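J.: A predicted structure for the sequence below; I have some questions about it.
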Amino acid sequence: MVVMGAIVYGVVMRVVPVPCLSDNYAYLVICDVSGTAAIVDPGEAGPILAAIAGCGARLTAIWATHHHPDHVGGVAELCAAFPDLE
């Protein structure tokens with residue numbers, strides 16, 4: 001697993017690439033201070049659910065860059081799994 005991090009105004013954020021489908025990635029953006037996370041372009045839910053569980057983060061938002069299935073295919077399942085998403 002590759003993890004990229006940055007310090008922004010004293011808050012540490014991590015970006016965790018999550019392999020999805022056969023040739024794509026979603027990105028889990030985690031705030032290490034609050035433990036909250038957003039997922040960017042969730043092409044499928046399974047790998048993202050596993051990554052969230054492995055990181056111990058709490059998913060609070062889904063960010064989709066556009067409507068193609070390889071970027072939004074997991075949105076419905078993630079919304080069902082996390083009904084309090086923003």
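T.: Yep, that arrived. Numbering: from 1, shown residues only.
J.: retrieve the pLDDT associated with residue 12.
T.: In this model, residue 12 is scored at 83, pLDDT.
J.: now do residue 70
T.: Per-residue pLDDT puts residue 70 at 91.
J.: hmm, it is touching residue 22, no?
T.: No: using C-beta atoms under 8 Å, residue 70 is not in contact with residue 22, being 9.7 Å away. All C-beta spots, glycine's among them, are computed from the backbone N, C-alpha and C.
J.: only alpha carbons, please: show the longest helix anywhere in the chain as PDB.
T.: Assignment by DSSP state H gives helix 45-55 as the longest helix of the chain. The C-alpha trace of helix 45-55 is given here as PDB (Å, rounded to 0.1, in the frame of the first residue of the first chain):
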ATOM      1  CA  ALA A  45     -17.300  -0.600  -3.100                       C
ATOM      2  CA  GLY A  46     -15.600  -3.800  -2.000                       C
ATOM      3  CA  PRO A  47     -12.000  -2.600  -2.000                       C
ATOM      4  CA  ILE A  48     -12.900   0.700  -0.500                       C
ATOM      5  CA  LEU A  49     -14.800  -1.000   2.400                       C
ATOM      6  CA  ALA A  50     -11.700  -3.100   3.000                       C
ATOM      7  CA  ALA A  51      -9.400   0.000   2.900                       C
ATOM      8  CA  ILE A  52     -11.600   1.900   5.300                       C
ATOM      9  CA  ALA A  53     -11.600  -1.000   7.700                       C
ATOM     10  CA  GLY A  54      -7.900  -1.400   7.400                       C
ATOM     11  CA  CYS A  55      -7.200   2.300   8.100                       C
END
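J.: I'd like the next helix or strand past that helix.
T.: Scanning forward in sequence from helix 45-55 by DSSP states H and E, the next helix or strand is strand 58-63.
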